[in-house]
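[1] Pasted the sequence and its predicted model underneath.
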Amino acid sequence: MNQSAMAGQRPRLLLIGANGQVGWELCRTLAGLGEVIAASIEGDHGPVIDLMDAASLARLVHDTKPDAVVNAAAYTAVDKAEIDRETAQRINADAVGELGALLAARGVPIIHYSTDFVFSGTLDRPYTEDDVPDPLNVYGETKLGGERALLESGAKSLIFRTSWVYGARGANFLLTMLRLFRERDELRVVDDQIGSPTWSRMLAEMTALVLYRVLRGELDLNQVGGLYNLTGSGQVSWYGFANAILESSGLDSNLIPIPTSEYPAPAKRPMYSVLDNSRFRKTFGLIMPDWRLSLDQCLEQLK
C-alpha cells in the first residue's frame, strides 16, 4: 500500500500531460482516487513541466512526491516527427526513461501509454503483446523506445498500447471529420487502413479502475506489470469510421473511399494495426466497449 494511504491520507496522483485529450479525461476519472496534481507544458491548473529538460522532470517528481504517476504526455504529430526526430525522441523516449528511473528509486508505480504504430501492420490478425515490433515511422520508433526505456528503468509500470484515440477535446479524427462535414460537400477518406477507434474517456476510465486496485494493494505490479493492449473493441477502416461519424452526427456529406496510395503523407502508416486485448481482459477482468457504442456515446455528449 502507498505511503499516503498508510498515513490515512488521500494518495497524491501526478498526472503528466493533463491538457491532452487523454489527460483531460484523466483529470476527471482520477479525481475519485486521490489528489490529482495536473502537470502540463502550459501549467494552466497545476505545475509546469518541460519534457525537453531532464532537470524539470526531476524537480516535478521531487516537489510533488507522488504516490503514483500517470504519463499521458507524448509527441503525437506523426508526420511532423519525420523531420523533428530529436523532439519526438526526447519526449516519447528519453524523458520516459528518465521518469522511470526517478520513480524506480522511490518505488512509485507509473501508468504510461504507447501506440499501435510500434507495429508494421503486415499481419492479418490482431497484434498481441508478444509480437515483435517493427515501426514504420519516427513516431512509432520513438514510442517503442519509450516502452523499452520504461521497462528497463526498473519502475513498477503498466504500459497501455492504444490506437486511433479520439474525443471531445484536442486534435483528432472525430473532431476533424465533424468540422469537414460542415465545410465540404464531398470528402475522400482512406479505406485500406484498418484499426480500432478508442474513445479517450473509456481509456481514462479503464486506467482509473486499474490504478484504484494498484493503490489498494490488490494488484502487485511486480507480478502483473508490463505491456498491455487497450483499445476499443472491434475494427474498422478510416472510411468506415468516418461514415459512422457521419451517420451518427446527422450531418450531410458525400464520402468517397480511396486507397492509401491516393493520400500520400510524410509518415508511412501501418495498413492493419488492430490490437488483441485478451491479456488486459484476462488480467484485470475489464472489457473495452465496441468502438461504435463508444462513438455514439461520445457524439451524444458533444451534442
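    Yep, that arrived. Residues are numbered from 1 along each chain as shown.
[2] where do the strands sit along the stretch 1-150 of the chain?
    Per DSSP state E, counting those that start in this stretch, the stretch 1-150 of the chain carries strands over the ranges 12-16, 35-39, 68-71, 110-115.
[3] buried ones in the shortest one?
    Using 16 or more other CB atoms under 10 Å as the test for burial, strand 68-71 gives 68, 69, 70, 71. Backbone N, C-alpha and C define where each C-beta goes, glycine included.
[4] Who does the last one form a beta bridge with?
    In this structure, residue 71 has the following beta-bridge partners (DSSP bridges): residue 16, residue 112.
[5] give me the number of residues near residue 73?
    Applying other CB atoms under 10 Å, we find 26 residues neighbouring residue 73.
[6] For it, which non-adjacent residue is spatially closest?
    Nearest-residue entry for residue 73: residue 17, 3.0 Å, with adjacent residues in sequence omitted and distances by CB to CB, 6 or more residues apart in numbering.
[7] ranges for the helices of the stretch 201-303 of the chain?
    Here the stretch 201-303 of the chain has its helices, by DSSP state H, counting those that start in this stretch, at 221-224, 238-249, 278-284, 291-302.
[8] With respect to residue 119, which of these lies nearest?
    helix 278-284 (15.4 Å; CB to CB).
[9] Show me what the closest one is packed against.
    Here helix 278-284 touches helix 200-215, strand 226-229, going by 3 or more CB pairs under 8 Å, 6 or more residues apart in numbering; DSSP states H and E.
[10] For the stretch 1-150 of the chain, which residues score under the pLDDT cut-off?
    Scanning the stretch 1-150 of the chain with the threshold set as pLDDT under 70 gives 1-8, 42-45.
[11] let's see 80
    1-8, 42-46 (pLDDT under 80).
[12] Report the contact partners of the residue lying closest to residue 252 once chain neighbours are set aside.
    Distance criterion CB to CB, 6+ apart; nearest residue to residue 252, sequence neighbours excluded, is residue 181 at 7.4 Å. For residue 181, the contacting residues are 187, 245, 246, 249, 251, 252, 253, by CB atoms under 8 Å, 6 or more residues apart in numbering.
[13] name the element residue 181 belongs to?
    helix 173-183 (DSSP states H and E).
[14] between that helix and helix 238-249, how many degrees?
    Following axes from the mean of the first three to the mean of the last three CA atoms, to 10 degrees, one obtains 70 degrees for the angle between helix 173-183 and helix 238-249.
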